[in-house]
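Asks: Predicted structure and sequence below. I'll ask about it afterward.
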Amino acid sequence: MYGYIYITTNTINGMIYIGQHKSESFDKNYYGSGIHLLSAIDKYGKENFKCEIIEECCSKEELDLREIFYINKYNSTDINIGYNISLGGSGIWIEHHTDETKQKISKANKGKVRTDDCKKYLSKIRKNSRWINNGVINKHVLSNEVDYYISNGWVFGTIGKRKSHKMSDETKKKISISNKKPKLKESVEHQKDSLLSKKFHWYTNGFEEILVSEFDSVPEGFNRGRLPVSDEFRKKCGKRPNKK
């Protein structure tokens with residue numbers, strides 16, 4: 001075991017914290033290092049918290065992926081549910097990370113040695129999932145879910161990371177229909193002015209990326225930033241375009 005994903009629970013109010021810990025065995029004295037969690041432990045007392053292993057992992061990459069997964073699953077960034085304040089995983093570049101911080105994290109993750117079993121496990125995960133998009137959102141889905149999305153207008157590839165397949169007129173029509181939402185009636189001139197004045201930013205919940213206008217509300221569970229880019233993609237396609 002390289003490390004594990006754990007859940008720390010406040011036994012008084014039920015609030016939770018999801019985290020990762022690099023250790024070959026379970027450390028019963030480690031409850032996490034989150035700011036809100038430590039503040040809560042100081043308030044309620046350590047004896048009123050319990051920590052349990054959710055999943056054992058075989059590499060840093062797997063720790064990051066599973067931490068993101070469980071934070072999203074338990075919605076522990078919701079202030080009414082948990083103490084987490086980020087999506088988890090050192091590979092997600094949230095807007096508040098400075099370039100210096102990103103370089104430090106990147107340097108710390110270089111040279112990690114993985115066992116053959118771990119490499120096979122991670123390879124299996126990658127082979128059984130695909131990147132798709134609908135022209136607005138990037139989504140990473142399991143292979144057995146691909147047919148459903150493709151039949152609803154999604155295509156293979158991702159926006160802003162690699163070139164997507166050329167869309168047929170039929171596919172464009174499906175995407176147009178799926179993206180339509182009820183809107184207030186506006187004059188043509190007002191619509192043009194509105195679009196020109198809007199600025200868009202990337203937001204992610206750890207599994208999907210969406211572009212949101214600065215004038216629109218951000219969906220619950222999404223934070224400003226992009227999904228991590230795999231080392232394999234960086235080697236093949238180079239760096240991802242700068243965020244806007």
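Replies: That came through, no problem. Numbers count the residues shown, from 1 in each chain.

Asks: Run through the bridge partners of residue 225.
Replies: residue 94 (DSSP bridges).

Asks: Distance of it relative to residue 76?
Replies: 17 Å (Cβ to Cβ, to the nearest Å). All C-beta atoms are positioned from the backbone trio N, CA, C, and that covers glycine.

Asks: so what's residue 55 up against?
Replies: Residues in contact with residue 55 (Cβ atoms under 8 Å, 6 or more residues apart in numbering) are 4, 5, 66, 70.

Asks: How many residues are close by residue 143?
Replies: When counting by other Cβ atoms under 10 Å, one arrives at 10 neighbours for residue 143.

Asks: CA atoms only for the helix or strand residue 212 falls within - export them in CSV, please.
Replies: Assigned by DSSP states H and E, residue 212 belongs to strand 208-213. Extracted in CSV, the C-alpha atoms of strand 208-213 (Å, rounded to 0.1, in the frame of the first residue of the first chain):
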residue,chain,number,x,y,z
GLU,A,208,-16.4,17.6,-15.7
GLU,A,209,-15.3,20.9,-17.1
ILE,A,210,-17.8,23.7,-18.0
LEU,A,211,-17.5,27.2,-19.3
VAL,A,212,-19.6,29.7,-17.3
SER,A,213,-20.2,33.4,-18.0
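
Asks: which other helices and strands contact it?
Replies: strand 138-142, strand 200-204 (3 or more Cβ pairs under 8 Å, 6 or more residues apart in numbering; DSSP states H and E).

Asks: Let me have the contacts of residue 55 in TSV, adding secondary structure, neighbour count and distance to residue 157 as columns.
Replies: Shown next, in TSV, are the contacts of residue 55 (DSSP: H, G, I helix; E, B strand; the rest coil; neighbours: other Cβ atoms under 10 Å; distance: Cβ to Cβ, whole Å):
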residue	secondary structure	neighbour count	distance to residue 157
4	strand	22	34
5	strand	23	30
66	helix	22	25
70	helix	22	28
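
Asks: mind putting those residues in TSV, distance to residue 156 and pLDDT included?
Replies: TSV is the format used below for those (distance: Cβ to Cβ, whole Å; pLDDT from 0 to 100):
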residue	distance to residue 156	pLDDT
4	34	93
5	30	93
66	25	86
70	28	87
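
Asks: For stretch 14-22, the averaged confidence score.
Replies: For stretch 14-22, the mean per-residue pLDDT is 93.

Asks: Need the CA coordinates for it. PDB is fine.
Replies: Output of stretch 14-22 as PDB, limited to C-alpha atoms (Å, rounded to 0.1, in the frame of the first residue of the first chain):
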ATOM      1  CA  GLY A  14     -21.900  14.400  11.600                       C
ATOM      2  CA  MET A  15     -19.700  16.700   9.600                       C
ATOM      3  CA  ILE A  16     -17.100  14.900   7.500                       C
ATOM      4  CA  TYR A  17     -13.600  15.400   6.000                       C
ATOM      5  CA  ILE A  18     -12.100  13.400   3.100                       C
ATOM      6  CA  GLY A  19      -8.400  13.300   2.600                       C
ATOM      7  CA  GLN A  20      -5.400  11.300   1.500                       C
ATOM      8  CA  HIS A  21      -2.400  10.100   3.500                       C
ATOM      9  CA  LYS A  22       0.800   8.600   2.300                       C
END
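
Asks: Nothing else from me, thank you.
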